[in-house]
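# okay, predicted coordinates and the sequence, questions at the end:
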Amino acid sequence: MKHISSLAKGVALGTAGVIMISTLTGCEQKQQQVAQNKFLVIEQLPDGTYKVVEEMPTEGPTRAIIRERDANGNIQERFMNEAEMKALAAQEYEKVQNGTSETVQENSSGAGMGLAGTILAVAAGSLLGNMIANSLMNNKAFSRNSRSAYTSSAYKKKTSRSASSKKSFFGSNSKKSSSYKRSSGGFFGG
């Protein structure tokens, strides 16, 4: 009878553990979905192409500040909301599907792209959905061109931030390693 009682306790603890892990995983997935929204600063270069100069995750909707040059070469800033960005990204995605988008052209020069191509390259997931973003990233030309949508300093910040922000299962930074000091007092003793 003791064996059945201890087995029942083990099953209950196992079930509670599975529920807790499921809850934690669900919370983490929700945080990742929220974090995929972006606040962008996109700047027009002297040649008329665009590059992302700043990118930050946001809990609000995806949006951008667009810095464009006027006829005299002066930079003017304007705000672009999520609806405007979605419209441009959707237009560019139609071009991807018929093969005319600059985002899928074999362009290895590292030059910038037009505004719609830049927006699609850096925010397809938050604007059009992860399935579309994943299908685009499987295209080698798109993947290469999406890296060229960033200025080199913005791309370095993006990649270093994503590498340093990975969390382990229990929420600690994955770059940090924990070590235990073993002594005669056990793992935690002195």
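Nice, thanks for sending it over. Residues are numbered from 1 along each chain as shown.
# how does the chain divide into domains?
As recorded under automatic domain parsing, the domains making up the chain are 1-35, 36-160.
# looking at those domains, which one has the lowest mean pLDDT?
If the domains of the chain are sorted by mean pLDDT, domain 1-35 sits at the bottom with a mean of 54.
# this structure: strands as residue ranges?
Counting by DSSP state E, the chain has strands at residues 38-44, 50-57, 63-69, 75-80.
# quick one, which of these is nearest to Lys140?
Of all the strands of the chain, it is strand 50-57 that lies closest to Lys140, at 20.5 Å by CB to CB. Backbone N, C-alpha and C define where each C-beta goes, glycine included.
# tilt between the closest one and strand 63-69?
Going by axes from the mean of the first three to the mean of the last three CA atoms, to 10 degrees, strand 50-57 is angled at 150 degrees with respect to strand 63-69.
# who are the packing partners of strand 50-57?
strand 38-44, helix 115-128, helix 152-164 (3 or more CB pairs under 8 Å, 6 or more residues apart in numbering; DSSP states H and E).
# any chance you could list what contacts it?
Applying CB atoms under 8 Å, 6 or more residues apart in numbering, the external contacts of strand 50-57 come out as 35-45, 66-67, 112-115, 117-118, 122, 149-151, 153-154, 157-158.
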